[in-house]
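> need a structure here:
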Amino acid sequence: MTSSSSETPLISSLGRLSMATLLATVAVSSSTSAQPAPDVPRTASGHPDFSGTYNSGTLTPLVRPRQLGERMSLTDEEAEAIAQRKADLYASDAVPSDPDREAPAVGGTPIFDPGLEGASGGSGGYNAFYLDPGEGAFKIDGEWRTSIMVEPRDGQFPPLTDRARKGQASLGMYMRANVDTATAWWINDPIGPYDDIEQRPLAERCLLGFGNTAGPPMMPVLYNNTKRIVQTEDHVMILIEMQHDARVVRIDAEHGPEDVKSWLGDSVASWDRDALVVVTKHHRTRFGYPFKLANDQPQAMVVEERFSYLDPETILYRFTVDDPETWTAPWTGEYVWPRSKDRVYEYACHEGNYAMGNILRGARLLEADAAKAAGAEGR
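Predicted structure coming up:
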């Protein structure tokens, strides 16, 4: 189905969204049921057994497009129209680059998706050939969801606290100064963002996957959304494909001391009938959490995750984030994890990766240019 004059105003308005949002709202998925099936896999003790491989990729956005308000679902026709638009975009953008092309313009060249500028630096490093965000949106209760977030009802984050608003303003100024200037804009800062490897983001250092793919909560990202669950009677291990992050969740245990923190927090689970409820706290302060305003992770955040079967082939993953130092209220989301026949392959993040060294080398060259220019101005 191609875009035409028969589109509803909703579809026309969605067509004007940024491509990052558009890619996240297309829908070409099978239906799931909200009622657990009686024949789901179970352990010897009778609890649901979630062991297996899943692909959690989805094209449904975390946050709902504002023009949809509290509307939680799309019609089949609306979903199909958006899906076709996305398919056409990917087909055109996955064409290999011309080997005889000229060098990119200073500061980079525009790329097809504004949401990828952070990943490619505007240089066109990522095109659709390299992306695997998922094959469609998901249904719950037979409806195409418009967002992963379900609470607040409008699908938007709750209002920020005063502390978070100040941090957002400060971070915004810092980020705006770092957009395609090709200059050492940090030259007069006491500590520059490229002075030390440990100042670089966790994903860039191959410590954690980007986009909070390992969680908690575990979110879908542009690729590498495969997860492997291994469950015993007293532990659940979730292996994340990107960065091979491994979450080890203890069942019917107590949280460790508050002063012992880890990148992924301290996760303890219990059973609520057929749902595995995981509560995580005690995160480290420099945690790779996409919804935070910087690498400063308040220690008050508590995340509750619920794993339950919709049917023997599909997990419903539901989570609530309660972070009173960032948001004025908790927020909740849910999406599905279908079983997959794929395997979790090694994620060799640093193998053949020249990025880290080149990032620092580039910074030194820009600093040398800045020093040379300052010397010339002083003469």
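> where does D88 fall, helix, sheet strand or coil?
Counting by DSSP: H, G, I helix; E, B strand; the rest coil, the backbone at D88 sits in helix.
> Quick one: neighbours of it, just the number.
With neighbours defined by other Cβ atoms under 10 Å, the count for D88 comes to 12. C-beta here means a position set from N, CA and C on the backbone, and glycine is covered the same way.
> do the one 4 residues further on as well
Using other Cβ under 10 Å, S92 is surrounded by 11 other residues.
> Name the SS class of it, please.
helix.
> try the one 3 residues further on
What three-state DSSP gives for V95 is coil.
> Distance check, it against K341.
29 Å (Cβ to Cβ, to the nearest Å).
> of these two, who's got more company?
A side-by-side neighbour count of V95 and K341, using other Cβ under 10 Å, places V95 first with 10 against 6.
> what pLDDT does G121 get?
In this model, G121 is scored at 48, pLDDT.
> Now do the strand or helix carrying L316: distance to the chain's middle.
Under the criterion of DSSP states H and E, L316 resides in strand 314-322. Chain-centre distance of strand 314-322: 14 Å, with Cα atoms, centre = their mean, to the nearest Å.
> C-terminal to that strand, what's the next element?
Following strand 314-322 in sequence, per DSSP H and E, is strand 331-338.
> okay, that following strand in CSV with CA atoms only?
C-alpha atoms of strand 331-338 as CSV (Å, rounded to 0.1, in the frame of the first residue of the first chain):
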residue,chain,number,x,y,z
TRP,A,331,6.2,6.0,34.2
THR,A,332,5.3,2.6,32.7
GLY,A,333,5.8,0.8,29.4
GLU,A,334,5.2,-2.6,27.8
TYR,A,335,6.1,-4.4,24.6
VAL,A,336,6.4,-8.0,23.4
TRP,A,337,9.4,-10.3,23.0
PRO,A,338,8.8,-12.9,20.3
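> for the helix ranked longest in the chain, what is the average pLDDT?
Assignment by DSSP state H gives helix 355-378 as the longest helix of the chain. Helix 355-378 shows a mean pLDDT of 86.
> just to revisit the earlier point, on contacts alone, who are the packing partners of the strand holding L316?
Counting contacts by 3 or more Cβ pairs under 8 Å, 6 or more residues apart in numbering; DSSP states H and E, strand 314-322 is packed against strand 302-311, strand 331-338.
> how about the last one: buried residues?
Of the residues in strand 331-338, those buried by neighbour count under the rule 16 or more other Cβ atoms under 10 Å are W331, T332, G333, E334, Y335, V336, W337, P338.
> relative to strand 302-311, how tilted is it?
40 degrees (axes from the mean of the first three to the mean of the last three Cα atoms, to 10 degrees).
> Now do strand 331-338: which elements does it pack against?
Using 3+ Cβ pairs under 8 Å, 6+ apart, strand 331-338 sits against strand 52-55, strand 139-140, strand 149-151, strand 314-322.
> who does the longest one pair up with?
Sheet pairing here is set by DSSP bridges, and for strand 314-322 it gives strand 302-311 (antiparallel), strand 331-338 (antiparallel).
> cool, and the third one?
According to DSSP bridges, strand 149-151 forms sheet pairs with strand 331-338 (antiparallel).
> the helices in the stretch 101-250 of the chain, which residues?
Under the criterion DSSP state H, counting those that start in this stretch, the stretch 101-250 of the chain contains helices at 117-120, 162-176.
> Lowest average pLDDT across these?
Among these, helix 117-120 has the lowest mean pLDDT, at a mean of 45.
> Pick out the shakiest of the helices and strands packed on strand 331-338, pLDDT-wise.
Of all those, strand 139-140 has the smallest average pLDDT, which comes to a mean of 90.
> helices or strands up against that strand?
Against strand 139-140 (3+ Cβ pairs under 8 Å, 6+ apart) you get strand 331-338.
> ok now the strand it packs on, how far from the chain's centre?
That offset, for strand 331-338, works out to 13 Å (Cα atoms, centre = their mean).
> Ok, stretch 246-254 next?
23 Å.
> What is the neighbour count of G142?
So G142, with other Cβ under 10 Å, has 10 neighbours.
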